[in-house]
Every structure is written in C-alpha cells, then in structure tokens.
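# Build me a model from this:
(chains A and B)
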Amino acid sequence: EAGVTQFPSHSVIEKGQTVTLRCDPISGHDNLYWYRRVMGKEIKFLLHFVKESKQDESGMPNNRFLAERTGGTYSTLKVQPAELEDSGVYFCASSQRDTFYGYTFGSGTRLTVV
Amino acid sequence: RKEVEQDPGPFNVPEGATVAFNCTYSNSASQSFFWYRQDCRKEPKLLMSVYSSGNEDGRFTAQLNRASQYISLLIRDSKLSDSATYLCVVNALYYGNNRLAFGKGNQVVVIP
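Modelled structure (predicted):
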C-alpha cells in the first residue's frame, strides 16, 4: 500500500511569491489533515478534510493560506503571498477513521521563504 | 499554557542503559494518547498508543496517568538506533472536532 505522498519535498521561494503544496493521501482514506512545524516550535494542526469538505480549518494561520481537496482525493495547500514566518515543514496525514487511532504522516514539504 | 509539555532534552543515554521521560497535557477531555518517533528531517512515525493500563512493545513501555494528566515512555537496553526525537501526542476534542496536539519532543541521543 502506498503511503501518504507529498510534493515537493523542498521549496525555496521569495517573500511575496506563491507556493502550492500537494498531498496524496492513502487510497480510500476519507480524512486528510495538514500540520505544520515552524522551527523551534511543536507541530501544530492546520486543518482537517473529510472527503472534499473542510471539517475543521480553525488552525489555519490567516487568509493567505488556502486548502482544497477537489473530488475528495488529493489536497493542495496554497500560500499566497508567502511571508518569512511561513517557513517550516508542512506535513500531511490521512486516516480511514478519526484521530482516535493515530494516523500516518507524509514525509513533509520543507518550505523556506527568503 | 501549552497543550502538551515536554522537556526537550537532549537526553544523552549510554548504549544499553534505560531512559525514561514523560509529558503532561492540559486538556482533561483528551481521549487518546500516543508516542511518535521522529528522526532528523523525517516525518513523525507512530511508535505506540498509550493506554491507561500501560502497555509494552518490546523494549518500550508506555504509561498513562489520567488523574495527573501525564504520559511516560521508558526505553530499556537502549540501542544506537533509538536516537531520535520522541513526540508526545494527545488527541482531544476542540469544539467538537478531533485533532492531535503535539509536544516539542524529547531528543534522545544514544552514545556508544
């Protein structure tokens, strides 16, 4: 079974540019989550999709972040325009059921805004 | 107050020794608890779930104390390959939605 796949693995962009991160969950997993780790801080929740619907987006830092999951398959997370403080590692995870059982993370996208 | 507190360390452990650390969580409504392992520049990987009765997986033992709201992890007979950051993770409800809350992690360095 293929795991959670994230693309790109690394991205370096200039402040003010746009970046789109992609996550392909494990096939058949309805739940998809985005988390972020900023340097020196703990991993923090961003949002949760159930199929194509946003179940919980209360962790999104501001309106420069836009997440989509068209068709309930892969998801994209767009940052526009990027700021220096957006640098960090963005992890995606998926699960069949809710988080009670823990879930599998992708290898992450390391975003550096310069 | 942070949702999950961990002493980041590092914990320098001689090979073959036992190391133990714990974390505390603030949300008394938390429902499930995990230890994740994260290697440098890698994703977190589920090490084990933690149950009130305590559970063991080989050299790893996890304990949960709901009354005091802390979770512990003990590693026996440490191997060099155990060097990693161990993340304490708690699942809790926030306004009806499940999400995971992470601690900063305990960095373990096993020394030959």
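
# ok, which residues in chain A are in contact with chain B?
Residues of chain A lying close to chain B (CB under 8 Å from any CB of the partner chain) are A:33, A:35, A:41-45, A:48, A:55-56, A:58-59, A:91, A:98-108, A:110. Just so you know, the C-beta spots here come from the backbone N, C-alpha and C atoms, and that holds for glycine as well.

# Considering only helices and strands, which part of chain A has the lowest mean pLDDT?
Within chain A, confidence by mean pLDDT, DSSP states H and E is lowest for strand A:104-105 among all helices and strands, at a mean of 90.

# Next, see if the helix or strand of chain B with the lowest mean pLDDT gets close to chain A.
Each helix and strand of chain B was given a mean pLDDT (mean pLDDT, DSSP H and E); the minimum falls on strand B:97-102 at a mean of 87. Yes. With CB under 8 Å from any CB as the measure, strand B:97-102 is seen reaching chain A through B:97-102.

# Check which helices and strands that strand sits against.
Other elements packing on strand B:97-102 under the criterion 3 or more CB pairs under 8 Å, 6 or more residues apart in numbering or on different chains; DSSP states H and E are strand A:31-37, strand A:43-50, strand A:53-56, strand B:84-94.

# Among the ones you listed, which comes closest to residue B:26?
Each of those was checked against residue B:26 via CB to CB, and the shortest separation belongs to strand B:84-94, namely 8.9 Å.

# buried residues in that closest one?
Along strand B:84-94, these residues count as buried under the neighbour rule (16 or more other CB atoms under 10 Å in any protein chain shown): B:84-92.

# Contacts made by it with the rest, please.
The set of residues that contact strand B:84-94 without belonging to it, under CB atoms under 8 Å, 6 or more residues apart in numbering or on different chains, is A:43, A:56, A:58, A:99-100, A:102, B:3-4, B:6, B:21-23, B:25, B:27, B:29-40, B:44, B:47, B:71, B:73, B:98-103, B:105-108.

# which of the residues you listed count as buried?
Among these, those that count as buried by neighbour count (16+ other CB under 10 Å) are A:43, A:56, A:99, A:102, B:3-4, B:6, B:21-23, B:25, B:30, B:32-38, B:44, B:47, B:71, B:73, B:98-103, B:105-108.

# so residue B:85 bridges to which residues?
residue B:38, residue B:107 (DSSP bridges).

# so who does the residue nearest the centre of chain A touch?
Ranked by distance to the mean C-alpha position of chain A (CA atoms, centre = their mean), the top residue is residue A:34 at 3.4 Å. Listed by CB under 8 Å, 6+ apart, the contact set of residue A:34 reads A:23, A:45-48, A:67, A:75, A:77, A:90-92.
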